[in-house]
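Colleague: Output the structure for:
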Amino acid sequence: MKTNIVTLLVVLVGIASSIFWIEAEKEIEILCGMIQPGQSIEKVNGLLETGEHLEYKLEGRKLLFHSIKNLYSISCSVDLQNTTEVATVRFSERIDLKILTILIGSICTFLLMIFQIALASGRPLGEYAWGGFNKELPDSLRKASAVSAIILLIGILSLLSLNYISIIPEGLSGYIVAGFALMFMFSILGNLASISKKEKMVMIPASVVLFLCYFTAAYSSF
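Modeller: The predicted model follows:
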């Protein structure tokens, strides 16, 4: 029961953190793009007052705004001319959460795909999957692992299509990635219900990481 509660709390905190991070990121990027050289400081302040996730401060001739909700990973710096109007605007980004989750999610999915291929080929790793009832999977579950490996390959291609490759159209890949996030959510629930300690030990953390990566990548793509 304790494991179930901790896992669900981690998932909920991860979902909330991802949403706040992405919304703050979008807000700062949009508002930074709306500020142009020559605008008055009063108009800039008016724009920033519409923000819900950011904080800003004026120090001499420099106005800086960012957000704690994405750990100040994105910021917009506005240099002022005579403290009354905008001279230059600079947008900076230290961490791109979408790219980070695409990379982590792709690597973790690849490792899980290799694991499923190993199961399909008869490796004695069955205690870590499919309920943990069989050390060596029967033919039916070996076939299921082979199908799972193919499905996971589609997940990798969908994730990478959000930024790195164009095998799947970005609009479609976003929905596919969202579908995989839902699949990994059900995987978390299934692993929590498993009676195999080995499966729980390995697959619960893996499912949580994969769910959060796919959820974040999908959310940031819409």
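Colleague: drop to CA atoms for contacts and neighbour counts, all remaining ones
Modeller: OK.
Colleague: got the residue ranges for the helices in this protein?
Modeller: Applying DSSP state H to the chain gives helices spanning 2-34, 41-49, 97-120, 139-161, 170-193, 197-221.
Colleague: Of all those helices, which one is nearest Arg90?
Modeller: Nearest of those to Arg90, taken as CA to CA: helix 2-34 at 8.0 Å.
Colleague: List the buried residues in the closest one.
Modeller: Neighbour counts over helix 2-34 (16 or more other CA atoms under 10 Å) mark 7, 11, 14-15, 18-25, 27-29, 31-32 as buried.
Colleague: Please apply the same query to stretch 90-107.
Modeller: Buried residues in stretch 90-107, counted by 16+ other CA under 10 Å: Leu97, Lys98, Ile99, Thr101, Ile102, Leu103, Gly105, Ser106.
Colleague: next one: stretch 182-199
Modeller: By 16+ other CA under 10 Å, the buried positions in stretch 182-199 come out as Phe184, Met185, Ser187, Ile188, Gly190, Asn191, Leu192, Ser194, Ser196, Lys198, Glu199.
Colleague: Now do the same for the closest residue to Val209 other than its chain neighbours: its pLDDT.
Modeller: Excluding its sequence neighbours, the residue lying closest to Val209 (CA to CA, 6 or more residues apart in numbering) is Gly105, at 7.7 Å. Reading off the confidence values, Gly105 has pLDDT 98.
Colleague: Phe222 too?
Modeller: On the pLDDT scale, Phe222 gets 87.
Colleague: quick one: it and Gly174 touch, right?
Modeller: Yes - assessed by CA atoms under 8 Å, Phe222 is found in contact with Gly174 at 7.3 Å.
Colleague: Give me the more crowded residue out of these two.
Modeller: Using other CA atoms under 10 Å as the criterion, Phe222 and Gly174 rank with Gly174 on top: 24 against 8.
Colleague: check contacts around the more buried one.
Modeller: Contacts of Gly174 were listed using CA atoms under 8 Å, 6 or more residues apart in numbering, and they are Ser158, Leu159, Leu162, Ala217, Ala218, Ser221, Phe222.
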